[in-house]
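[1] dropping a prediction and its sequence here:
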Amino acid sequence: MVGATIALPTLGFGTYDDPMLDAAADRLFDGLKNEADLHDDERLALAKLLAEYYSMRHDAQAIRRLMLMAAPWLEHAQPLARGVWWLMHAVGEQQFGSPALAETSVARAREIAQTHQVAPLQMALSVQSLRAALQAEDLDEAERLLQVIRPLALRLRPGHHRSALHLEAMHALLCGEPKRARDLLDLLLKVCDDVEVPQRDRGVYHVYQAYVRLELDDLPGAMQALAQARAGQSGAQQHMLECVEQLVRAAHALLHDTPQAEPLLRSALGMAAVMQYPMFFAAQPALASRLAQAAFAAGIEADFVAAAVRKRRLAPPNPLREDWPWTLKLRALGNFVIEREGRAVAFDGKAQKKPLELLKVLIALGGEALPRDVLALALWPAADADAVKNFDVTLSRLRKLLDVDGAILLADGKVSLNRRLVWWDVAAFEARCAGLHSALHDAVGDAAVAPLAAEVFRLHRDKLFGDEPAVAWSVAARERLAVKFNRAVGDVGAWLEARGRHREAIDRYERGLAQQMLAEPLYRGLMRCYLALHEPAEALVAYRRCRDLLSILLSVKPSAETEALHQHIRAG
């Protein structure tokens, strides 16, 4: 008992950079191992404190060693002590070890809670599930868990409420309710006063106060909250708070579009990268995405920010932008390409054929809210009784093939690609076509036309799925996209012609014909441009190209409109 008694004050109340910490940890470990008069409940409680210290030090080997030593103590410990230990073991495995072992440990803790009706353990499990739901931004599941936690909290001492109140404040922030989050944090800090929580352990609550004040556009209030957070902090925690302060200042400057935004962001993300702190603004994903987007635009810590985006599955402010570190990118305009975290993925063998066909059908038909039976009918046109069953199996295989949890959603019998995780060129192309049409016809200004036109041409590498043979479900989709592309090419060409930019218009028409060689209106555009440039011979060459291709491939003649333009050119 001597080693544990000597070590406890240092570990429990010392600052994180106290040079006596390592020695205290060693004394505590020896005390746990050697003192015979410790009850197993006491051993587990002290071991929990030691495990938290090892976790803070990121010492995975020490945690593993402690876990092995503690195994015999579980046999005679009280249910609460055993349950808390398994939960702590789960956290350690999630951080340093095996996610599968973490799930096993959580299951053991849940079994103890249900068997013995241990309210504090039930609370801890619900809080852990709530944290996971908030990290996934599953607000419906978070609200359901809060409905479980609120009445449960009434059965427990105030000290057990801290994590639940903190997470409820996070939930309020995610729901866009900063005033409710502020009130919950005020209550939480008063509870800390009531149960005499050390200032060092209140730091994270003050940080969230700062986030809430930022959301309420109160920068002085945010800085005051961070000053309170620094009380009792030192070492790595002090450096972390300096990083958070810089992040808050940078976000405020970015939201107000001030000149200081970029240098502040560079400093803040530089500190975050050094400290490997990707969870900045954890309960404000939209704000974190804005900072990430600004960082990419300015070339600030691109690798670190990209890793943070992927880890947190942050959606970009603009869901169509391609230059975002998407978890999954799907290119279907041309050869079909799947990219996972920036790398092309190749699939071999016949086993993947049907799942990949399902993915192609999903893209071709729009990618969002597609009824399961519609997709099943596309894949199995005979519509036999097993179509839906086959579809469910194929969907499961596709999810395993993509290996991106949550990439494909199934809700209320409808299937969608998850826009938080997946970018696909067909959706981006169709949106850019719509934007281009508006820019050309709604007098929004010439400056908007060129970048939109460039995006349309860049995205449309070729027809849907390139040279793959057309099948029943792809014919209409190919035609839809071809019509949009031809219309965009024709509209941009006509816009350039109207401004006397005939050489540029010729380039656009030719680029369009390289993909759609039978698009007769584009040949007429070429003929008009060459005529305007006083090059009738080139105009007649364009006519003959059109006539010969239509005759050879479709066995038809040019339209009356094309023939009339031809005669006009010949008449000179």
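    Cool, the structure landed. Given the structure is predicted, the values throughout are model-derived calculations rather than measurements. Residues are numbered from 1 along each chain as shown.
[2] what count of nearby residues applies to residue 47?
    Residues near residue 47, counting by other Cβ atoms under 10 Å, number 22. Bear in mind the C-beta positions are built from the backbone N, C-alpha and C, glycine included.
[3] also residue 496?
    For residue 496, using other Cβ under 10 Å, the count is 23.
[4] surely it and residue 490 touch.
    No - judged on Cβ atoms under 8 Å, residue 496 makes no contact with residue 490 at a distance of 10.9 Å.
[5] so where's the stretch 251-400 of the chain shaky on pLDDT?
    The model of the stretch 251-400 of the chain has pLDDT under 70 over residues 349-351, 383-385.
[6] where do the strands sit along it?
    With DSSP state E, counting those that start in this stretch as the criterion, the stretch 251-400 of the chain has strands at 328-331, 337-340, 343-345, 370-371.
[7] so for residue 458, which of those sits nearest?
    Nearest to residue 458, of all the strands of the stretch 251-400 of the chain, is strand 328-331, at 11.5 Å by Cβ to Cβ.
[8] for the closest one, packing partners?
    Where contact means 3 or more Cβ pairs under 8 Å, 6 or more residues apart in numbering; DSSP states H and E, strand 328-331 is packed against strand 337-340, strand 422-424.
[9] which strands or helices does the first one pack on?
    Where contact means 3+ Cβ pairs under 8 Å, 6+ apart, strand 337-340 is packed against strand 328-331, strand 343-345.
[10] now the helices and strands packed on strand 328-331 as a markdown table including mean neighbour count?
    Converted to a markdown table, the helices and strands packed on strand 328-331 look like this (neighbours: other Cβ atoms under 10 Å):
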| stretch | mean neighbour count |
| --- | --- |
| strand 337-340 | 16 |
| strand 422-424 | 22 |
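[11] turn those into a markdown table, columns for distance to residue 194.
    Below are the helices and strands packed on strand 328-331 laid out as a markdown table (distance: least, Cβ to Cβ, whole Å):
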| stretch | distance to residue 194 |
| --- | --- |
| strand 337-340 | 50 |
| strand 422-424 | 47 |
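[12] which one of those strands lies closest to residue 373?
    strand 422-424 (22.4 Å).
[13] off-centre distance for the closest one?
    With Cα atoms, centre = their mean, to the nearest Å as the basis, strand 422-424 stands 11 Å off its chain's centre.
[14] swap in stretch 196-214?
    On Cα atoms, centre = their mean, the centre of stretch 196-214 falls 27 Å from that of its chain.
[15] try stretch 157-169
    With Cα atoms, centre = their mean as the basis, the mean position of stretch 157-169 lies at 27 Å from the chain mean.
[16] and it, average pLDDT?
    Per-residue pLDDT over stretch 157-169 has a mean of 84.
[17] can you name the residues in contact with that stretch?
    120, 123-124, 126-127, 130-131, 134, 146, 149, 153, 181, 184-185, 187-188, 191-192, 194-195, 197, 204-205, 208, 212, 283 (Cβ atoms under 8 Å, 6 or more residues apart in numbering).
[18] which residues does residue 232 contact?
    Residue 232 neighbours (Cβ under 8 Å, 6+ apart): 15, 198-203.
[19] ok so it is a strand residue?
    No - looking at residue 232 with DSSP: H, G, I helix; E, B strand; the rest coil, it is coil, so not inside a strand.
[20] ok so, going back, of all the helices and strands packed on strand 328-331, which one is nearest residue 238?
    Nearest of these (Cβ to Cβ): strand 337-340, 38.7 Å.
[21] buried ones in the longest helix along the chain?
    For the chain, the helix with the greatest residue count under DSSP state H is helix 472-498. For helix 472-498, a neighbour-count test (16 or more other Cβ atoms under 10 Å) marks 473-474, 477, 481-482, 484-486, 488-497 as buried.
[22] with stretch 381-400 instead?
    387-388, 391, 394-395, 397-399.
[23] wait, which of the residues you listed is closest to residue 357?
    residue 394 (8.3 Å).
[24] okay, that closest one and residue 348: tell me how far apart.
    Distance of residue 394 to residue 348, computed by Cβ to Cβ, to the nearest Å: 18 Å.
[25] contacts for stretch 137-156?
    By Cβ under 8 Å, 6+ apart, stretch 137-156 touches 119-120, 122-123, 126-127, 129-130, 133-134, 160-161, 164, 168, 171, 174-175, 285.
[26] list buried members of the residues you listed by neighbour count.
    With burial judged by 16+ other Cβ under 10 Å, the buried subset of the contacts of stretch 137-156 is 119-120, 122-123, 126-127, 129-130, 133-134, 160-161, 164, 168, 171, 174, 285.
[27] so of the residues you listed, which ones are in helices?
    Short answer: the buried ones among the contacts of stretch 137-156 in helices (DSSP H) are 119-120, 122-123, 126-127, 129-130, 133-134, 164, 168, 171, 174, 285.
[28] nearest to residue 466 among those residues?
    residue 285 (35.8 Å).
[29] what sits opposite the closest residue to residue 339 other than its chain neighbours in the beta ladder?
    What sits nearest to residue 339 in space, not counting adjacent residues and going by Cβ to Cβ, 6 or more residues apart in numbering, is residue 329, at 4.1 Å. Beta-bridge pairing of residue 329 under DSSP bridges involves residue 339, residue 423.
[30] and residue 329, how many residues sit next to it?
    Number of residues near residue 329 (other Cβ under 10 Å) recorded here: 20.
[31] that one is in contact with residue 426, isn't it?
    No - between residue 329 and residue 426 there is no contact, the gap being 11.8 Å when judged by Cβ under 8 Å.
[32] for the helix or strand that contains residue 104, name the packing helices and strands.
    Assigning secondary structure by DSSP states H and E places residue 104 in helix 99-116. The helices and strands touching helix 99-116, judged by 3+ Cβ pairs under 8 Å, 6+ apart, are helix 79-96, helix 119-135.
[33] any buried residues in it, and which?
    Here helix 99-116 shows 102, 105-106, 108-110, 112-113 as buried, counting by 16+ other Cβ under 10 Å.
[34] and the helices and strands packed on helix 99-116, which one is worst for confidence?
    Across the helices and strands packed on helix 99-116, helix 79-96 has the smallest mean pLDDT, namely a mean of 78.
[35] and the contacts of it?
    40-41, 44-45, 47-48, 51-52, 55, 58, 60, 63-64, 67, 70, 74, 77, 99, 101-103, 105-106, 108-109, 112-113, 115-116, 118, 120-121, 124-125, 128.
[36] ok, stretch 122-136 next?
    Contacts with stretch 122-136, where a contact means Cβ under 8 Å, 6+ apart, come from 83-84, 87, 90, 106, 109-110, 113, 139, 141-142, 145-146, 148-149, 152-153, 156, 160, 163-164, 167, 170-171, 174, 282-283, 406.
[37] can you flag the buried ones in those?
    By 16+ other Cβ under 10 Å, the contacts of stretch 122-136 give 83-84, 87, 90, 106, 109-110, 113, 142, 145-146, 149, 152-153, 160, 163-164, 167, 170-171, 174, 282-283 as buried.
[38] center of this protein, which residue is that?
    Centroid-nearest residue in the chain: residue 313, 1.9 Å away (criterion: Cα atoms, centre = their mean).
[39] tabulate the strands of the stretch 251-400 of the chain in a markdown table, adding columns for distance to residue 554.
    Shown next, in a markdown table, are those (distance: least, Cβ to Cβ, whole Å):
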| stretch | distance to residue 554 |
| --- | --- |
| strand 328-331 | 29 |
| strand 337-340 | 31 |
| strand 343-345 | 36 |
| strand 370-371 | 33 |
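[40] among these, which is nearest residue 223?
    From those, taking Cβ to Cβ, the stretch that ends up closest is strand 328-331, at 39.6 Å.
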